[in-house]
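Enquirer: give me a 3D structure for the following:
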Amino acid sequence: MHREGADPDSMVMEDILCDFCGQPWTEDRPMVEGHQGACICGNCLTIAWTELMVHKLNDPPGADEACCMCRETGRPEPHWRSPLDPTKLVCRRCVKQAAGVLHKDKDIAWTKPSPG
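Expert: Next comes the predicted model:
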């Protein structure tokens, strides 16, 4: 998501916002981009990973709901919903892919949450 009023020809980090919490991209808040500019920050990814992978949350989407990251509708697997905007959701597959991206990046101190 982009900050309202951002110049698409002159974007800066702070113009990129997490689709799930609305916070801007900063040096200490990593982001992973999905399709069509959708982003999830490391903080939201930590919560989504914990709920989906550790606590095994099973919240399938409605038939017409789409994952913000991959834009696919009707995926039967569990999704994580933004607590700020329940219309924003990310599928388990995208959470796994985004977690892999951040976990492997040696310049980012983000790790996949573990149980306990």
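Enquirer: so where's this structure shaky on pLDDT?
Expert: By pLDDT under 70, the weakly predicted segments of the chain are 3, 116.
Enquirer: now do the helices in it.
Expert: 42-49, 92-104 (DSSP state H).
Enquirer: residue ranges for the strands of this structure, please.
Expert: 31-33, 39-41, 79-81, 89-91 (DSSP state E).
Enquirer: the residue nearest the centre of the chain: what's it in contact with?
Expert: Nearest residue to the geometric centre of the chain (Cα atoms, centre = their mean): I40, 2.8 Å. Going by Cβ atoms under 8 Å, 6 or more residues apart in numbering, I40 touches 18-20, 31-32, 34, 48, 68-69, 90, 94, 98. In short, each C-beta sits where N, CA and C put it, glycine included.
Enquirer: how does it look with 7 Å?
Expert: 18-20, 31-32, 69, 90, 98 (Cβ atoms under 7 Å, 6 or more residues apart in numbering).
Enquirer: tell me which of those residues is nearest to E77?
Expert: Nearest to E77 among the contacts of I40, counting by Cβ to Cβ, is V90 at 10.9 Å.
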